[in-house]
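In: coords below, sequence missing:
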């Protein structure tokens, strides 16, 4: 599957499995929206790792249980990462 230029929004991407997914997708050319709830430094580290693969990356704090925050997160991702 071709991912170059696509956008993935990865929740919980500041560490662990979320970070691994974000970095893996970035290696395949996917721009990454990095969601976190508490660990901004971890999210910034994920952003650095993703950008090192030549893709766009954006850190977004949002509570995924809050519909309004999710809506804003999706809008920001679309505005900033969609080519």
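Out: Good, I have the coordinates. Keep in mind it's a predicted model, so treat the numbers as computed, not measured. Numbers count the residues shown, from 1 in each chain.

In: When you work out contacts or count neighbours from here on, use the C-alpha atoms and nothing else.
Out: Will do.

In: Going by residue numbers, what spans are strands in this protein?
Out: Secondary structure of the chain by DSSP state E: the strands cover 7-10, 31-36, 57-61.

In: highest average neighbour count across those strands?
Out: Among the strands of the chain, judged by mean count of other Cα atoms under 10 Å, the one packed with the most neighbours on average is strand 31-36 (a mean of 28).

In: List the strands paired with that one, with their directions.
Out: strand 7-10 (parallel), strand 57-61 (parallel) (DSSP bridges).

In: and the gap between residue 38 and residue 12?
Out: With the distance defined as Cα to Cα, to the nearest Å, residue 38 ends up 10 Å from residue 12.

In: Check residue 50 too.
Out: In terms of Cα to Cα, residue 50 sits 15 Å off from residue 12.

In: Look at those two and report which has more neighbours.
Out: residue 50 (27 against 23; other Cα atoms under 10 Å).

In: Isn't residue 45 up against residue 14?
Out: Yes: counting by Cα atoms under 8 Å, residue 14 is a contact partner of residue 45 at 7.5 Å.
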